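> A structural model of the following input is requested.
(chains A and B)
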Amino acid sequence: QVQMVQSGAEVKRPGASVRVSCKSSGFGFTSYYFHWVRQAPGQGLEWMGWIDPHSGGTNYGLRFQGRVAMTTDSSLRTVYMELTNLTSDDTAVYFCARDVIVASPNALYLWGQGTLVTVSS
Amino acid sequence: DIQMTQSPSSLSASVGDTVTITCRASQYINTNLNWYQQSPGQAPKFLIFFATGLQIGVPSRFSGSGSGTDFTLTITSLQPEDFATYYCQQSFSVPWTFGRGTKVEIK
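Prediction:
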């Protein structure tokens, strides 16, 4: 079955880090780019960046550079997103998404169910 | 960053109506424009890529048009399951950016 399944909800203190995982199945893991998108409560969608699991190459949005790291483990077919130095503004649902076209970033085709990250003291 | 401006921010319509949502980019993006549908509490669903390409499995009542800076999403014969929020998104340059969404509500 073609799907992406994310890890469960997290509650973190300000200044902490969080790592969200996204396990894929049903397609060639290294063939597609993976993206992370977040959505603050009641707000719109915000793209954070992508990773190419074939090369390990990444491209992060400027506002996240220095705080985000996207990695993959091909043996586990899993993509990870770590965000450091959390503030209350990072409270959001974080989605992983697989791209639509092989070996090229174009659109967000297959989405995980989302992971709520709450940052609170 | 490329700014994506969607309009309207919300609209009310009835089952069977035709609705049109517009999306304008702050600079040229060719046809690198995608559309998504999001229902409350759900992940977004991919609808249309490269401005006009209907994703497999998406009903043909959905259609997209446009190029350059101006784009539209049209839904003909609105169905109950179409009441949701719709987002446009450009993939022309990094960072990818989304419009702020259009909420389609039942009249």
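
> secondary structure element for the residue sitting nearest the centre point of chain A?
For chain A, the residue sitting closest to the mean C-alpha position, by Cα atoms, centre = their mean, is A:W36 at 3.3 Å. Following DSSP states H and E, one finds A:W36 within strand A:34-39.

> residues contacting the closest residue to B:G99 other than its chain neighbours?
Nearest residue to B:G99 in three dimensions, chain neighbours excluded: B:Q6, at 3.5 Å (Cβ to Cβ, 6 or more residues apart in numbering or on different chains). C-beta: built from backbone N, CA, C; applies to glycine. Contacts of B:Q6 were listed using Cβ atoms under 8 Å, 6 or more residues apart in numbering or on different chains, and they are B:21-24, B:86-88, B:99-102.

> circling back: next up, the contacts around the residue nearest to the centre of chain A.
Shown in contact with A:W36 (Cβ under 8 Å, 6+ apart): A:20, A:47-50, A:68, A:70, A:81, A:94-97.

> now B:S14
Residues in contact with B:S14, defined by Cβ under 8 Å, 6+ apart, are B:78, B:106-107.

> Next up, phi/psi of it, please.
phi -110, psi 160 (degrees, to the nearest 10).

> Now the terminal residues of stretch A:113-121, how far apart.
Start and end residues of stretch A:113-121 are separated by 26 Å (Cα to Cα, to the nearest Å).

> Check which residues of that stretch are buried.
Within stretch A:113-121, the residues that count as buried by 16 or more other Cβ atoms under 10 Å in any protein chain shown are A:114-117, A:119.

> Look up how far chain A lies from the most centrally placed residue in chain B.
Geometric centre of chain B, nearest residue: B:W35, 4.0 Å, by Cα atoms, centre = their mean. Plainly put, B:W35 is 9 Å away from chain A if you go by Cβ to the nearest Cβ, to the nearest Å.

> wait, that residue sits on B:K45?
No. The criterion here is Cβ atoms under 8 Å, and B:W35 misses it with B:K45 at 9.8 Å.

> next helix or strand past whichever strand or helix holds the residue nearest to the centre of chain B?
For B:W35, the host element (DSSP H and E) is strand B:33-38. Counting by DSSP H and E, the next helix or strand C-terminal to strand B:33-38 is strand B:45-49.

> Write out the residues of chain B neighbouring chain A.
Residues of chain B lying close to chain A (Cβ under 8 Å from any Cβ of the partner chain) are B:1, B:32, B:34, B:36, B:38, B:43-46, B:49-50, B:55, B:87, B:89, B:91, B:94-101.

> And those, which of them are buried?
Buried members of the residues of chain B next to chain A, counted by 16+ other Cβ under 10 Å: B:32, B:34, B:36, B:38, B:43-46, B:49-50, B:55, B:87, B:89, B:91, B:94-101.

> so how far is B:V19 from A:A16?
Distance of A:A16 to B:V19, computed by Cβ to Cβ, to the nearest Å: 43 Å.

> The two: which is more packed in?
Of the pair A:A16 and B:V19, B:V19 is the one with more neighbours under other Cβ atoms under 10 Å in any protein chain shown, namely 18 against 14.

> beta partners for that one?
Legend: beta-bridge partners of B:V19 under DSSP bridges are B:I75.

> OK, contacts around it?
Contact partners of B:V19, counting by Cβ under 8 Å, 6+ apart, are B:11, B:13, B:74-75, B:78, B:104.

> and the end-to-end length of stretch B:25-32?
Taking Cα to Cα, stretch B:25-32 runs 10 Å from one end to the other.

> Mean confidence (pLDDT) on it, please.
Average pLDDT, stretch B:25-32: 98.
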